[in-house]
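Colleague: requesting a structural model of the entry that follows:
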Amino acid sequence: MRNKNVQMSLLDTYHSVEERLENNKPELFKLLDEHLDWDDLIPNTFYAAFYRRIGRNRKYELESFMKALFLQRIFHYIEDTQLLNTLRFSYEMRDYCGFDKVPDAAKLTRFKQDFCDHIRAVFERLVDLTEPICREMDAALADLLIFDTTGIESYVAENNPKYPNTKAGNIIEISQGAAASNPQVKLQYINGHMCYAQKAAVVANGLGIVRHLELFDEDFRKNHPEVPREPRSKSPEIDKEIGDSTALKPVLNDFRAAHPHFHYGTFSGDAAFDSYDNYTFLLKEYQFNQAVIPINPRNSASSDNKDFNENGTPLCPLDGTPFLFHSKSGGKNRSLRLKYICPQTEKFRLPSGVITRRCFCETPCSNSIYGKCVYTYPDKNLRLYPGISRDDHAFEAVFKQRTAVERSINSLKDTLCIANRKTSNVLTTKADLFLAGIVQLLCVLLANKLHDAKLARRPRRLIA
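Modeller: Okay, here's the model as predicted:
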């Protein structure tokens, strides 16, 4: 009779325990281990800087820090202590991160401050990796670039609602000042209220997936000395330290320098970007095909020209009715022109079968049976004709997509833990900004691996 009791070697025991640990590993960690290769995501320059000789060996690995900071945002741990406490009590989480011993909060902060530029390099690499994925998801929306700015509120005494009461006699000084703990934290008008914040630019595509991030700190100013340093007014509500329109050119130039092979057909932004210089930059220098920016009435001088309305649309010379946008034409050797037709014209089929148009106006302003046509040439006025008719339905449809960048900003700040952090340090803020962008882009990679596009814009769904 065969003996059923088989003696197990130490190696067999090890493999048995290893198999049990692997089988009991949470699905999220299995998913991340299977689809995210940090060796490929982290540039070699980051490894070289992190493991450079410092007189002793590193106690913690580079990938361990990056994985832990990634999980911090996925699990929505705003405070570092929340992350560290979870690591202490979760073997599975420590095992995924590769921590034999949980670091203290100071090491996390020092990692972000010492390697902020390298964290940015990881973000830039992920932008390159996710660009073709975005194009595959929706080519039209991926071809749209949207620019917006936001403020990251800092943890300073001046943001305490009780603070103005203690300084009631110096309210004018407060309105013009900076936070005492950090002069780079400026008083700004953000999201409908005044607060002390650090201003940042967010560039996203029409899918709401971030393409570029920039914090307007002293390094940004040093790299762009052309940006004015002194405020032009005493009201922070009007003068936001670095205005949106002022920031447009340096931010997009930095984006192009980081990704020179990228090209986008359409730019969209709010009325803050409505200036003649910006249209020239966007359409001529940056080579966008069209710039969807609404007219800012404050930038429009009164005009006695009664032939066009404020959007540059031709008007009927008899009753002032706006003409209808018909089409645009022009080619390689001809200037772009926009064609407008009388609103009283309708399609008409000739006896020969050819379809043309006929004007059925009771008081025609032209002798042509086709009706009056007016051509405009965008090159003569890029602001009124930014590559697309302002009265075209497509203009409004594209501008509505601008909400994508607002949703992306909300995700970066609220879901991915930029907001409500207890820090005013510029380097920490900048690193947190890029880490939030990294998490969003890693979700795009995971969504592509799992063939589930919805995950690309829903980081919290990964936990489910």
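Colleague: quick one: the strands in the stretch 351-464 of the chain?
Modeller: All strands of the stretch 351-464 of the chain, identified by DSSP state E, counting those that start in this stretch, fall at 355-359, 373-376.
Colleague: deepest-packed of these, please.
Modeller: Mean neighbour count (mean count of other Cβ atoms under 10 Å) peaks for strand 373-376 among the strands of the stretch 351-464 of the chain, with a mean of 16. Where you see a C-beta, it was placed from the backbone N, CA and C, and this is true even at glycine.
Colleague: quick one: strands adjacent to that strand?
Modeller: Its sheet considered, strand 373-376 pairs with strand 337-341 (antiparallel) by DSSP bridges.
Colleague: list the buried residues for stretch 58-72?
Modeller: 60-72 (16 or more other Cβ atoms under 10 Å).
Colleague: can you get me the start-to-end distance on stretch 185-198?
Modeller: End-to-end distance of stretch 185-198 (Cα to Cα, to the nearest Å): 5 Å.
Colleague: I'd like the mean pLDDT over that stretch, please.
Modeller: Averaging pLDDT along stretch 185-198 gives 72.
Colleague: what does the pLDDT read for Asp414?
Modeller: Confidence at Asp414, expressed as pLDDT, is 89.
Colleague: excluding covalently adjacent residues, which one is nearest to Arg407?
Modeller: Counting by Cβ to Cβ, 6 or more residues apart in numbering, Arg407 lies nearest to Gly208, which is 5.1 Å off, once chain neighbours are set aside.
Colleague: give me the element the one you found is part of.
Modeller: Under the criterion of DSSP states H and E, Gly208 resides outside all helices and strands.
Colleague: just the strands in the stretch 151-300 of the chain please.
Modeller: Here the stretch 151-300 of the chain has its strands, by DSSP E, counting those that start in this stretch, at 178-179, 182-190, 193-205, 210-215, 266-268, 290-292.
Colleague: which neighbours does the longest one have in its sheet, and in what orientation?
Modeller: Going back to what we said before, that points to strand 193-205. In the sheet, strand 193-205 lines up against strand 144-153 (antiparallel), strand 182-190 (antiparallel), strand 210-215 (antiparallel) (DSSP bridges).
Colleague: rebuild these as a markdown table, extending it with mean neighbour count.
Modeller: As requested, the strands paired with strand 193-205 are exported to a markdown table (neighbours: other Cβ atoms under 10 Å):
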| stretch | mean neighbour count |
| --- | --- |
| strand 144-153 | 24 |
| strand 182-190 | 19 |
| strand 210-215 | 24 |
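Colleague: tabulate those strands (JSON lines), appending distance to Phe111.
Modeller: Formatted as JSON lines, the strands paired with strand 193-205 follow (distance: least, Cβ to Cβ, whole Å):
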{"stretch": "strand 144-153", "distance to Phe111": "19"}
{"stretch": "strand 182-190", "distance to Phe111": "20"}
{"stretch": "strand 210-215", "distance to Phe111": "18"}
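Colleague: just so I know, which of these lies nearest Asp270?
Modeller: Asp270 lies closest to strand 144-153 among the strands paired with strand 193-205, at 7.3 Å (Cβ to Cβ).
Colleague: rounded mean pLDDT for the closest one, please.
Modeller: 92.
Colleague: same question for stretch 454-464.
Modeller: What stretch 454-464 shows for mean pLDDT is 67.
Colleague: now swap in stretch 396-406 and tell me
Modeller: Per-residue pLDDT values over stretch 396-406 give a mean of 93.
Colleague: stretch 268-275 too?
Modeller: Confidence over stretch 268-275 (mean pLDDT, whole number) is 92.
Colleague: first to last residue in it, what's the distance?
Modeller: Taking Cα to Cα, stretch 268-275 runs 13 Å from one end to the other.
Colleague: next, the buried residues of that stretch.
Modeller: Within stretch 268-275, the residues scored as buried using 16+ other Cβ under 10 Å are Ser268, Gly269, Asp270, Ala272, Phe273, Asp274, Ser275.
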